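In: Dropping the sequence and predicted coords here.
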Amino acid sequence: MTTRVRVLGVTLALLTLCGCGGDPPTSGTPALPNVAGTYAGYEVWLVQFFRNHDGFDGSFHCNGSITLVQSPTGALSGFVVVDQPCPPASFELSGSVRADGSLTFTTGSPRPYEGQCPSAPGVTYAGVVGRLSGSEMSELSARGSANVFCPGPGEGDHRFDYIFRGYR
């Protein structure tokens, strides 16, 4: 074998070992946190409202829960339950979770226990799931808003802000 062929062979071997340059290999996508489970507590829903035509506002609480089912890709499904003192209701849920624990989902909303305002369908919530410091419990905190038309004398368009805070 000639020297020239040996040098070429060594050069090719070194290039193979060193790679082709460019970006270093990545470790893949970050792992998704496990957010699956049922999040509940006392007065987990805080609902704030504002009536557009006269500025009347207020708030109320509802009991209930959110149950999340998580796929390996981070897609979320599940359901929401609203309970006393608000009119009982349940809604399907769909959304997604990201590696940092933030999530978005779309579902229904509580309706007031007085008056004729309906539940808002298809409210998009944004929030986060995190482990409570010094505890094995996780907290889900999420917020969504909707404009709702409430029938009846003196009612009309309202803005509702829905805040959920529950524990697993």
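Out: The structure has been received and is ready for your questions. Residues are numbered from 1 along each chain as shown.

In: Please enumerate the strands of this protein.
Out: Remark: strands assigned in the chain by DSSP state E are 37-51, 57-70, 75-83, 89-97, 102-107, 123-131, 138-150, 156-167.

In: closest to residue 114 out of those?
Out: Proximity to residue 114 (Cβ to Cβ) singles out strand 57-70 among the strands of the chain, at 8.4 Å. Placement of C-beta: from N, CA and C, glycine included.

In: Next, the angle strand 37-51 makes with that closest one.
Out: With axes from the mean of the first three to the mean of the last three Cα atoms, to 10 degrees defining the directions, strand 57-70 sits at 150 degrees from strand 37-51.

In: Strand 57-70 - what's its average pLDDT?
Out: The pLDDT scores in strand 57-70 average 97.

In: by how many degrees do it and strand 138-150 diverge?
Out: For strand 57-70 against strand 138-150, the angle by the same axes, to 10 degrees is 130 degrees.

In: partner strands of strand 57-70, parallel or antiparallel?
Out: Paired neighbours of strand 57-70 in the sheet (DSSP bridges): strand 37-51 (antiparallel), strand 75-83 (antiparallel).

In: could you dump those strands to TSV with distance to residue 127, mean pLDDT and mean neighbour count?
Out: Putting these into TSV (distance: least, Cβ to Cβ, whole Å; pLDDT from 0 to 100; neighbours: other Cβ atoms under 10 Å) gives the following:
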stretch	distance to residue 127	mean pLDDT	mean neighbour count
strand 37-51	10	96	17
strand 75-83	11	97	18
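
In: Among the ones you listed, which comes closest to residue 130?
Out: Among the strands paired with strand 57-70, strand 37-51 comes nearest to residue 130, with 11.7 Å by Cβ to Cβ.
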